[in-house]
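[1] build me a model:
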Amino acid sequence: MSAPSAPRDRVAVITGADSGIGRATAVHLARAGLDVGITWHSDEKGAQETAEEVRAHGRRAEVARMDLTRLPGAADTVDELCERLGRIDVLVNNAGTGTMTPFLDLELSQVREVLDVDLVGPFLCGQKAARRMIRQGDGGRIVNVTSVHEHQPRVGAAPYCAAKGGLGLLTQVMALELAEHGITVNAVAPGEISTPMTGQEDTDPHTESRPGVPLGRPGDAREVAAVIAFLAGPDASYVTGASWSVDGGMLRMGPQAGSHLTSDDWRRP
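    Numbers count the residues shown, from 1 in each chain. So this is what the prediction gives:
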């Protein structure tokens, strides 16, 4: 009788893992025993710091630059990291960008950049990861980081809302088509999270007041990472095609209320 094969190491690739939600997710998955591929666009130092945190938990980390404005070639970075780490079990499409420009003032170049980074890039990266997962033959997990603006609009964010809404529906189609291969696909839709993207890199969200958010504060990147890690893990094996809001109740109020209300008067009838 042949000896049982050694258990394989699971591998996650996380785009935009140089800071914020991406870094928190990389660390959370490393604690769960996964090796991690990390992509960065402009902050190589941040990506290396993420890698150091992953390795501090005894896991392998590989780092590569990915510029999703340079498509389709940028998606090849997923293949590169898979080769360096040996396989892929989890893809987290986290890299993103946005603009706060009135609809009538938008330039086509701005619209295309946001759509490429936030929608077309995840589409191509998802294809790369899914094809490898299918060849491996033992399923996988894809988590697309969208936004509360997957579900509701925001003034000044037309390309961002269009891209995140599109990514939400793309998630559902991917879930349907990849289910037969044992691949689950879900979205995580953060509200306001204290990250560099929101200008709150060193902010403790528990000390910030947000009267228009039912929980009264911004979120912590680790709170989003915990939901991503759940969807990437074995306990979510029967969850696919869903969008998980991590927003302190913001969607119940509307994202405009969440960021614009300045008092708690709404709490009283």
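
[2] where do the helices of the stretch 1-150 of the chain begin and end?
    Here the stretch 1-150 of the chain has its helices, by DSSP state H, counting those that start in this stretch, at 20-31, 44-56, 76-85, 108-115, 121-136.

[3] closest one to residue 162 among the ones you listed?
    With distances scored as Cβ to Cβ, the stretch of the helices of the stretch 1-150 of the chain nearest to residue 162 is helix 108-115 (7.0 Å). Heads up, the C-betas are built off the backbone N, CA and C, glycines and all.

[4] what about the strands in this structure?
    11-14, 35-40, 61-65, 90-93, 140-145, 183-190, 243-246 (DSSP state E).

[5] which one, of those, ends up nearest to residue 80?
    Closest among the strands of the chain, once you apply Cβ to Cβ, is strand 61-65, at 5.6 Å.

[6] for this structure, what are the low-confidence residue spans?
    By pLDDT under 70, the low-scoring segments of the chain are 1-7, 196-203.

[7] for it, what's the longest helix?
    helix 158-178 (DSSP state H).

[8] hang on, the earlier thing: got the strands of the chain as JSON lines, with distance to residue 50 and mean neighbour count columns?
    Below are the strands of the chain laid out as JSON lines (distance: least, Cβ to Cβ, whole Å; neighbours: other Cβ atoms under 10 Å):
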{"stretch": "strand 11-14", "distance to residue 50": "9", "mean neighbour count": "30"}
{"stretch": "strand 35-40", "distance to residue 50": "5", "mean neighbour count": "27"}
{"stretch": "strand 61-65", "distance to residue 50": "7", "mean neighbour count": "18"}
{"stretch": "strand 90-93", "distance to residue 50": "13", "mean neighbour count": "30"}
{"stretch": "strand 140-145", "distance to residue 50": "16", "mean neighbour count": "27"}
{"stretch": "strand 183-190", "distance to residue 50": "18", "mean neighbour count": "26"}
{"stretch": "strand 243-246", "distance to residue 50": "20", "mean neighbour count": "20"}
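
[9] as TSV, those with distance to residue 236 would be great.
    Below are those laid out as TSV (distance: least, Cβ to Cβ, whole Å):
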stretch	distance to residue 236
strand 11-14	14
strand 35-40	18
strand 61-65	24
strand 90-93	11
strand 140-145	8
strand 183-190	7
strand 243-246	10
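
[10] who does the longest helix of the chain touch, helix- and strand-wise?
    helix 108-115, helix 121-136, strand 140-145, strand 183-190 (3 or more Cβ pairs under 8 Å, 6 or more residues apart in numbering; DSSP states H and E).

[11] next, the angle helix 121-136 makes with that helix.
    20 degrees (axes from the mean of the first three to the mean of the last three Cα atoms, to 10 degrees).

[12] buried sites along helix 158-178?
    158-168, 170-172, 174-175, 178 (16 or more other Cβ atoms under 10 Å).

[13] about what we covered before: how about a markdown table for the helices and strands packed on helix 158-178, with distance to residue 268 added?
    Below are the helices and strands packed on helix 158-178 laid out as a markdown table (distance: least, Cβ to Cβ, whole Å):
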| stretch | distance to residue 268 |
| --- | --- |
| helix 108-115 | 39 |
| helix 121-136 | 42 |
| strand 140-145 | 35 |
| strand 183-190 | 28 |
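
[14] show me what contacts residue 32?
    Contacts for residue 32 (Cβ atoms under 8 Å, 6 or more residues apart in numbering) come out as 229, 233.

[15] the chain should start at 9 in everything you say after this.
    Noted, 9 is the first residue going forward, which turns the last one into residue 40.

[16] so which of the helices and strands packed on helix 166-186 comes closest to residue 98?
    strand 148-153 (4.6 Å).

[17] just the CA trace of the closest one, in PDB.
    Output of strand 148-153 as PDB, limited to C-alpha atoms (Å, rounded to 0.1, in the frame of the first residue of the first chain):
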ATOM      1  CA  GLY A 148     -11.400  26.900  -5.600                       C
ATOM      2  CA  ARG A 149     -12.700  30.200  -4.300                       C
ATOM      3  CA  ILE A 150     -13.000  33.600  -6.000                       C
ATOM      4  CA  VAL A 151     -13.900  36.600  -3.900                       C
ATOM      5  CA  ASN A 152     -14.500  39.900  -5.700                       C
ATOM      6  CA  VAL A 153     -14.300  43.000  -3.500                       C
END
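
[18] thank you kindly, that will do.
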